[in-house]
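> Fold the following.
(2 chains)
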Number of protein chains: 2
Amino acid sequence: MKNQTYRMSMLYDFYGELLTPRQKEFFDLYYNEDLSLAEIAENNGITRQGVRDVIVRAENAMQEVEDKTGIVKRFQSQRPALDEILSASAKIKEINALHYFDPQIGELADRIADAVGALKE
Amino acid sequence: MKNQTYRMSMLYDFYGELLTPRQKEFFDLYYNEDLSLAEIAENNGITRQGVRDVIVRAENAMQEVEDKTGIVKRFQSQRPALDEILSASAKIKEINALHYFDPQIGELADRIADAVGALKE
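Numbering: from 1, shown residues only, chains lettered A, B, ... in the order given. Next up is the predicted model:
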């Protein structure tokens, strides 16, 4: 399961609140706190397989919502456009700094970069 | 119900695929095709109240997912940053057109505006 940590983090970021409290707890301990299945099992007085079942069910529940809605994919597909904006604003800043020294253009380019930064958070 | 058409369209855009086929069908006829409850009822051989129940259940199901995840809100909160980017790029274009006539800056500002347009779709 752990080879999918990035994908699981994205799913959890969007859909984590749709899980049951127990699914959330085990998912979080396993993926975010990096505890092993055996450690979670011992701390909760259940079997390793029992922990695994809860986490797999959580993964499947979130993946099912994503397969239907495509929301995470939709967010991720914004990335190239944001990178394009960022690189264009950096280029404007560079041209301005080389040739025109216009403080307003420099400031506007910074404002664009800041707004992209906020969108990427 | 119809006074909430915009909000319902947003919910449907994100979460419509989580509904049952019947919920989707009635929701779509009512909100997107603008049929009345009575018309949908007649076409489907059920009561007006029956149609209403299906649609209300669809609305509640989607609202519940949104209350938990806040995904629609998260998308909508991007709007101000995108507007900020757009207005800054327009201003850069304007300053350039007035003072510097640099074709590269004009083209970069256009590229930024196009990328924002793609993100707003």
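
> C-alpha only now, for contacts and for neighbours.
OK.

> packing partners for the helix ranked longest in chain A?
For chain A, the helix with the greatest residue count under DSSP state H is helix A:48-69. If contacts are counted by 3 or more CA pairs under 8 Å, 6 or more residues apart in numbering or on different chains; DSSP states H and E, helix A:48-69 sits against helix A:5-15, helix A:21-27, helix A:37-44.

> buried set for that helix?
Neighbour-count burial for helix A:48-69, counted by 16 or more other CA atoms under 10 Å in any protein chain shown, picks out A:48, A:51-52, A:54-55, A:58-59, A:61-63, A:65-66, A:69.

> Same question for stretch A:68-80.
By 16+ other CA under 10 Å, the buried positions in stretch A:68-80 come out as A:69, A:71-72, A:78.

> quick one on the thing from earlier: and the helices and strands packed on helix A:48-69, which is most packed in?
For those, the largest average neighbour count (mean count of other CA atoms under 10 Å in any protein chain shown) is found in helix A:21-27, namely a mean of 18.

> related to what we said a few turns ago, and which of the buried residues of stretch A:68-80 is nearest to B:D28?
A:T69 (16.4 Å; CA to CA).

> Contact partners for the closest one?
If a contact means CA atoms under 8 Å, 6 or more residues apart in numbering or on different chains, then A:T69 has B:14-18 as its contacts.

> In three-state terms, label A:D34 for me.
Here A:D34 takes the coil state, with states given by DSSP: H, G, I helix; E, B strand; the rest coil.

> send the alpha carbons of the strand or helix carrying A:R74 over as PDB?
Using DSSP states H and E, A:R74 sits in helix A:71-76. The C-alpha trace of helix A:71-76 is given here as PDB (Å, rounded to 0.1, in the frame of the first residue of the first chain):
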ATOM      1  CA  ILE A  71     -12.300  16.000  -8.600                       C
ATOM      2  CA  VAL A  72      -8.700  15.400  -7.600                       C
ATOM      3  CA  LYS A  73      -7.800  15.000 -11.300                       C
ATOM      4  CA  ARG A  74      -9.600  18.300 -12.000                       C
ATOM      5  CA  PHE A  75      -7.500  20.100  -9.300                       C
ATOM      6  CA  GLN A  76      -4.300  18.600 -10.500                       C
END
